[in-house]
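A.B. asks: Okay, sequence plus prediction incoming.
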Amino acid sequence: MKIAKVIVDVPSNSLNKAFDYVIPGRFSRMVEKGMRVVVPFGPRKIMGFVVEITDESEAENVKEIIDVLDVAPVLTEELLELGNWLADRTVSLTVTALQAMLPQVLKSKYKKEIVRRTEEMLPEPWEFLFQGRDVIPFEEFANSPISYHQLQKAVHQGDVEISYVVKSRITKKFVTMVRPKRDSIYLEEALLDLPKNAKKQRKIIDYFLAHPNPVEQNLLCRKLDTTASTIKNLAEKGLIETFRKEVFRNPFHDEDIERTSPLPLTDEQKNAFASITASIENGKHDVFLLHGVTGSGKTEVYLQAIQKVIEKGKEAIVLVPEISLTPQMVRRFKSRFGKNVAVMHSALSAGEKYDEWRKIQQKKVQVVVGARSAIFAPFENIGIIIIDEEHETSYKQEDQPRYHARDVAIRRGKYHQCPVVLGSATPSLESYARAIKGIYHLCELTKRTNNQPMPQVDIVDMRKELHAGNRTMFSRNLMEKLEDRLLKGEQSVLLLNRRGYSTFVMCRECGHVNKCPHCDIALTYHKKSGRLKCHYCTFEEFVPSVCPSCQSSLIRFFGTGTERVEEALTKLIPEARVLRMDVDTTRKKGAHEKILKQFGEGKADILLGTQMIAKGLDFENVTLVGVLTADSMLHLPDFRSSEKTFQLLTQVSGRAGRHERPGEVVVQTYTPEHYAVQLASEYDFAAFFQQEMKMRKSFQYPPYVYLALITISCENRAMAIQSAQRFAQLLLKMVNEKTVILGPTPSPIPKINDKYRYQCIVKYKYEPKLAHFLRKAANQFEEIRRKYGLQIIIDMEPYHLM
Ligand SMILES: Nc1ncnc2c1ncn2[C@@H]1O[C@H](COP(=O)(O)OP(=O)(O)OP(=O)(O)O)[C@@H](O)[C@H]1O
Ligand SMILES: [Zn+2]
Ligand SMILES: [Zn+2]
């Protein structure tokens, strides 16, 4: 008897282990490790992953597998093992970790149903509900007058049963193909037998005599100006036949991408390339930090290293941040490696993502370029892993499992004995510190490939502008330069950093700010609806006409949105053609691409946008970059705010002067003396690193220590506080004496969705079993969780202390 050990999809800490199931005879040859199966679990049918197959089981009453969902494993041995590691490290459920590695369509979806269990007459309302059927969708019950209590009773008496049907969401796309059924001699004869007036049928036979390969039916119809029914006629005569073929969707329209060849490398590039290649050749796991100024040709180094890997018959994973996964970036990889590239990012539909994933699984490609989750690409012979813009916080997943792609990359790099390359113009302090210590190999690219100097940065003190009587959001310096570019026919990029900003409503008389009654954060004004909305829950209200606190009618909107900047800009320079790129204008699929394409084609003079324009853009005609408010990020309650400001200013400055003409940058700020602003304007990463490390040391922040954030939330406030206190006490007993536990304190957002939130922060230098301790402590609260809906969120090395 064969037994499968299955990790089941139930969201419970106490069930976070593999369960035994018998593999029934009819499935005996089908079930393999890494496949998804459907198994009975209590009264339910649920999805699970087979993680092991053995010959015996110690459990009693072992049930049988009901169904097998895959024909080939969806998770490799390596990924199964990685899932365990990931779950341990992030304190999450194994099943959650395994699901994180798969495309959306392969994640289970259940249909909840109510099944009739007895032939006997049921109470009236039930009979009315079933209306002669044996199974009804759960929603029908929910909309009926039968109460939940009655349902419980009926289940208890064995009258009905609740079942969960796993719905497989796999959608494959098929096309109809046509091919000749007989050889050409036969076809030629048949041609003679066809009636004279069967012109269309003749055309088709002629076509296949010239091109005997299968062709897509639609294409054939278009080419020969014929129809499906003509094809059907010929098929009935036995001359040709149609068949269905599975196709991969091609959302990139990449048939027309021109191929590029490797560029001769600069000396600096050569050095970096040589070190990385040595590691590839020797099959050695090294981590490289490729620190190169913007425009120094990091991407070219990646491309040539990947070329080496492909030549060795191995595979490459390239991670780029979601927002820089622009068509420009994708194009650079496709134009070098053609169809050998799969692309994975969130703008693709679920079906498209699944297709790209299968190209990897079926070994149809050797390169994947994608956002964070592409790190789980099911390659089995990886030769290099590259993380571009390694400092980007989007590499950390903010949801279970809360992993960092960099850690996963290094883990996989060790397994495959291949190099991991971290690239950035502004490395994270964590990575740079490791490079300086010699844990990573540091490769530096200090010059731009065009040998142009870095763009000159002017810092403008906006306080002085105000004193000089300029009340607009554009300094005189910036206006002059914008107008100058307009005259010369050159382009400008304007960054409005909205992170930390919102359009909120404040009373000028008493300073009252309208806040969400459920979440305790300022409501955001939405111009279109004229309403105030909460960004954490669904609460919204009309803008009050008088202040709720002092009855004054002097209510004002604060903060600046891109829309208002655009309005102001077009008033000041009416002749400028402005393109706006922010969450509002890019919501539609493909909108992002369209705006960039328009800008690239010179259809606008100014591109105005949020963070999403700061990265990866490479436009020949851009010679001016303006930053409207450098400060907005500087004053966030976050120990990384200086680092983030430095990174953003450096990145956006790097968009100017990337080609022949030199670039200029204007940075507007209310705190021109701040070291992050100053040093970014001098492109002095090393000095910034020194200064910032001093701060981190004196306040004991990463990378000098590690952090773990525990957030405990509950509708019952007392229960939340008590639990947080108890959690801290439990933990304190387990950790070593050097480890510090801060809190519990109310979270920076003390209430979300009517749940009170408290947090503890663990600061530690060496605590190898911390994840285990945290899980152990959290497990003590299972009962309170069930009774009061208490929630405990554990975030190892968090990016947001919210
Ligand atoms: N060896 C080379 N010779 C000539 N041109 C090069 C070379 N390497 C790269 N380039 C070109 O220089 C420009 C900048 O290179 P690339 O985009 O690779 O830099 P990067 O460091 O990745 O930039 P960023 O970090 O700013 O996105 C590109 O237009 C690229 O085609
Ligand atoms: Zn007021
Ligand atoms: Zn709210």
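C.D. replies: Great, that's in hand. Residues are numbered from 1 along each chain as shown. Ligands and ions are numbered 1, 2, ... in the order given.

A.B. asks: quick one: buried residues of stretch 53-61?
C.D. replies: By neighbour count, with 16 or more other CB atoms under 10 Å as the criterion, the buried positions of stretch 53-61 are S57. Every residue, glycine included, has its C-beta placed from N, CA and C.

A.B. asks: same thing with stretch 628-641?
C.D. replies: By neighbour count on 16+ other CB under 10 Å, the buried set for stretch 628-641 is 628-634, 638-641.

A.B. asks: Tabulate these (JSON lines), appending distance to F243 and secondary structure.
C.D. replies: Compiled in JSON lines, the buried residues of stretch 628-641 are given as follows (distance: CB to CB, whole Å; DSSP: H, G, I helix; E, B strand; the rest coil):
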{"residue": "L628", "distance to F243": "59", "secondary structure": "coil"}
{"residue": "T629", "distance to F243": "61", "secondary structure": "coil"}
{"residue": "A630", "distance to F243": "61", "secondary structure": "coil"}
{"residue": "D631", "distance to F243": "64", "secondary structure": "helix"}
{"residue": "S632", "distance to F243": "59", "secondary structure": "helix"}
{"residue": "M633", "distance to F243": "57", "secondary structure": "helix"}
{"residue": "L634", "distance to F243": "63", "secondary structure": "coil"}
{"residue": "D638", "distance to F243": "58", "secondary structure": "coil"}
{"residue": "F639", "distance to F243": "61", "secondary structure": "coil"}
{"residue": "R640", "distance to F243": "57", "secondary structure": "coil"}
{"residue": "S641", "distance to F243": "60", "secondary structure": "helix"}
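
A.B. asks: and which of these is nearest C443?
C.D. replies: Of all the buried residues of stretch 628-641, R640 has the smallest distance to C443: 24.6 Å, by CB to CB.

A.B. asks: Dump the buried residues of stretch 628-641 to JSON lines, plus pLDDT.
C.D. replies: Converted to JSON lines, the buried residues of stretch 628-641 look like this (pLDDT from 0 to 100):
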{"residue": "L628", "pLDDT": "90"}
{"residue": "T629", "pLDDT": "81"}
{"residue": "A630", "pLDDT": "83"}
{"residue": "D631", "pLDDT": "75"}
{"residue": "S632", "pLDDT": "68"}
{"residue": "M633", "pLDDT": "71"}
{"residue": "L634", "pLDDT": "70"}
{"residue": "D638", "pLDDT": "70"}
{"residue": "F639", "pLDDT": "80"}
{"residue": "R640", "pLDDT": "86"}
{"residue": "S641", "pLDDT": "82"}
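
A.B. asks: Can you name the two of those that sit furthest apart?
C.D. replies: Longest distance between any two of the buried residues of stretch 628-641 is 24.8 Å, between L628 and F639; criterion CB to CB.

A.B. asks: For L487, give me its contacts.
C.D. replies: Not one residue lies near L487 by CB atoms under 8 Å, 6 or more residues apart in numbering.

A.B. asks: what do you get for R661?
C.D. replies: Shown here is R661, whose contacts under the criterion CB under 8 Å, 6+ apart are 490, 623.

A.B. asks: Check what pLDDT it gets.
C.D. replies: Predicted confidence (pLDDT) at R661: the value is 84.

A.B. asks: Now it: which helix or strand?
C.D. replies: Under DSSP states H and E, no helix or strand contains R661.

A.B. asks: Next: the one 4 residues further on.
C.D. replies: Here V665 sits within strand 664-669, counting by DSSP H and E.

A.B. asks: Alongside ligand 1, which residues does the stretch 151-300 of the chain contribute?
C.D. replies: Counting by CB under 6 Å from any ligand atom, the stretch 151-300 of the chain comes close to ligand 1 at 263-266, 269, 292, 294-300.

A.B. asks: Out of these, which comes closest to W85?
C.D. replies: With CB to CB as the yardstick, the closest approach to W85 among those comes from K298, at 29.4 Å.

A.B. asks: ok, that closest one - contacts?
C.D. replies: Residues near K298 by CB under 8 Å, 6+ apart: 290, 292, 388, 423, 425, 445.

A.B. asks: Is T669 bridged to anything, and to what?
C.D. replies: With DSSP bridges as the criterion, T669 is bridged to D461.

A.B. asks: What is the burial count for it?
C.D. replies: Residues lying near T669 (other CB atoms under 10 Å) number 24.

A.B. asks: How about V583?
C.D. replies: Other residues near V583 come to 11 when the count uses other CB under 10 Å.

A.B. asks: Give me the phi and psi angles of it.
C.D. replies: phi -60, psi -30 (degrees, to the nearest 10).

A.B. asks: In space, what's closest to it - neighbours in sequence excluded?
C.D. replies: Of all residues not flanking V583 in the chain, T610 sits nearest, at 7.3 Å (CB to CB, 6 or more residues apart in numbering).

A.B. asks: So the one you found is in contact with N497, correct?
C.D. replies: Yes: here T610 reaches N497: they are 7.0 Å apart, a contact under CB atoms under 8 Å.

A.B. asks: buried ones in stretch 677-691?
C.D. replies: By neighbour count, and taking 16+ other CB under 10 Å as the criterion, the buried residues in stretch 677-691 are 677-681, 683-685, 688-689, 691.

A.B. asks: And the helix of greatest length in the chain, what's buried?
C.D. replies: Within the chain, and with DSSP state H defining each element, the longest helix by residue count is helix 717-734. Along helix 717-734, these residues count as buried under the neighbour rule (16+ other CB under 10 Å): 719-724, 726-728, 730-731.

A.B. asks: Which residues of the chain lie near ligand 2?
C.D. replies: Where proximity means CB under 5 Å from the ion, the interface of the chain facing ligand 2 comprises 507, 509-510, 512, 547, 549-550, 552.

A.B. asks: Return the members of the residues you listed classed as buried.
C.D. replies: Judged by neighbour count, with 16+ other CB under 10 Å as the criterion, the buried members of the residues of the chain next to ligand 2 are 507, 512, 547.

A.B. asks: The last one: helix or strand, and which one exactly?
C.D. replies: Right, the one you point to is C547. Counting by DSSP H and E, C547 is part of no helix or strand.

A.B. asks: That one contacts H512, doesn't it?
C.D. replies: Yes: counting by CB under 8 Å, C547 touches H512, with 5.4 Å between them.

A.B. asks: Among the residues of the stretch 151-300 of the chain next to ligand 1, which are located in strands?
C.D. replies: Of the positions in those, G292 sit in strands, assigned by DSSP state E.

A.B. asks: Put the buried members of the residues of the stretch 151-300 of the chain next to ligand 1 into a ChimeraX selection.
C.D. replies: Here is the ChimeraX command that picks out the buried ones among these, judged by 16+ other CB under 10 Å:
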select :265,266,269,292,294,295,296,297,298,299,300
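
A.B. asks: For the residues of the stretch 151-300 of the chain next to ligand 1, work out which two are farthest apart.
C.D. replies: Taking every pair in those and measuring CB to CB, the maximum separation is 20.9 Å, between P264 and T294.

A.B. asks: Give me the phi and psi angles of the residue nearest to V583.
C.D. replies: T610 adopts backbone torsions of phi -90, psi -170, taken as degrees, to the nearest 10.

A.B. asks: That one and R580, how far apart?
C.D. replies: In this structure, T610 lies at 10 Å from R580, with CB to CB, to the nearest Å as the measure.

A.B. asks: Need the residues touching each of the two.
C.D. replies: The contact lists of T610 and R580 share T562, where a contact means CB under 8 Å, 6+ apart.

A.B. asks: one step back: what mean pLDDT does the longest helix of the chain get?
C.D. replies: The average pLDDT for helix 717-734 rounds to 96.

A.B. asks: domains in the protein, as residue ranges please.
C.D. replies: Segmentation of the chain into domains, based on automatic domain parsing, reads 110-167, 173-247, 266-445, 456-500+560-699, 706-796.

A.B. asks: So which residues on the chain come close to ligand 1?
C.D. replies: With the criterion set to CB under 6 Å from any ligand atom, the chain comes near ligand 1 through 263-266, 269, 292, 294-300, 425, 449, 616, 618, 654.
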